[in-house]
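Colleague: Structure, please.
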Amino acid sequence: MEAVITVIALLFLLFVVLGAYATVKVIGAAKRGVDRTISQARRTVEDTTLRAKTFTQLGPAGEIAQLRLTLRTSMRATQDALHSGVAEDESLKESLGLFERLSVHGRELDDELRRLESEPDKRTLSTRLPELRERTERITQSADSLRWAARDRARRFAADDLDSLSEQIDVEAGALRHWTTEPGPTASWPEAPAPDTATSGQTWPEPPRSRPADEPPRSAITPPVQRPTYPWQKKPRPESTT
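Modeller: Residues are numbered from 1 along each chain as shown. Next up, the predicted model:
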């Protein structure tokens, strides 16, 4: 009885632990999903705000907003391309590592540009713009280079696979069109009859004998034979002519 109670208690404890673990996993996944949604919403709002500033603000402030928008758009597109491609091509892991190092410089530049958006000194902004423009251009060019290289690689693999598939289809289509007629039955010698128990060898039918030249040919119809008459038989009565 005590053993049964112990087993039930252990099973109950196991169920409790599994339930707690599943609950933590579900809560963590939900939290990550919420965080991801919030981050995407925040990025969308920031991008919309920056796009509006590029049209509403003039001078250095509007150019800084344009630099931020260009930087964020390029880095996000490259990140999405590499993360989606590394699942199919393991060689993109090295490119992804290089992009992570580039992202450090990109985030530093984005933070600096964000601080300069609220800078009231327009002269200082004007003197800093050439250097900020150059840094933004270098980072975006590197990100674009990685992104287009990954896309070209994926497109090249797709083209190679399509070429190989087309060749296989052409070969299969040629094999399907190359039909031949079925061979007809071939003549074969008749099988020899089974050997008789009385004879030891195989016998063949004898050819028909030739008829001697002096033997008269037999008629196909045998002439009637005249039967002998006996005295007790009556003579046939002649038919009357009247």
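
Colleague: At which residues are the helices of the protein located?
Modeller: Ranges of helices within the chain are 2-56, 60-86, 92-117, 122-177, based on DSSP state H.

Colleague: What I need now is the ones you listed written out in JSON lines, including mean pLDDT for each item.
Modeller: Output for the helices of the chain, formatted as JSON lines (pLDDT from 0 to 100):
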{"stretch": "helix 2-56", "mean pLDDT": "72"}
{"stretch": "helix 60-86", "mean pLDDT": "89"}
{"stretch": "helix 92-117", "mean pLDDT": "90"}
{"stretch": "helix 122-177", "mean pLDDT": "87"}
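
Colleague: So which of those is the most surrounded?
Modeller: Scoring these by mean neighbour count under mean count of other Cβ atoms under 10 Å gives helix 60-86 as the most buried, with a mean of 19. C-betas here are computed from N, CA, C, even on glycine.

Colleague: Go ahead and confirm Gln57 touches Ala65.
Modeller: Yes - contact between Gln57 and Ala65 holds when scored by Cβ atoms under 8 Å: they sit 6.4 Å apart.

Colleague: where do the contact lists of those two overlap?
Modeller: Residues touching both Gln57 and Ala65 (Cβ atoms under 8 Å, 6 or more residues apart in numbering): there are none.

Colleague: Dihedrals phi and psi, Gly59?
Modeller: With angles defined as degrees, to the nearest 10, Gly59 sits at phi 80, psi -150.

Colleague: was I right about it contacting Lys122?
Modeller: Yes - in this structure Gly59 lies within contact range of Lys122 using Cβ under 8 Å: 6.4 Å.

Colleague: On the pLDDT front, check Arg211 for me.
Modeller: Predicted confidence (pLDDT) for Arg211: 54.

Colleague: And for Thr222?
Modeller: At Thr222, the model reports a pLDDT of 53.

Colleague: now do the one 4 residues further on
Modeller: We have a pLDDT of 59 for Gln226.

Colleague: just Ser91 next, same as before
Modeller: Looking at Ser91, the pLDDT reads 79.

Colleague: And Pro236, by the same measure?
Modeller: 55.

Colleague: Also the one 3 residues further on?
Modeller: The score at Glu239 is 52. That number is its pLDDT.

Colleague: switch to numbering from 787
Modeller: Renumbered: residue one is now 787, and that last one reads Glu1025.

Colleague: All set now, cheers.
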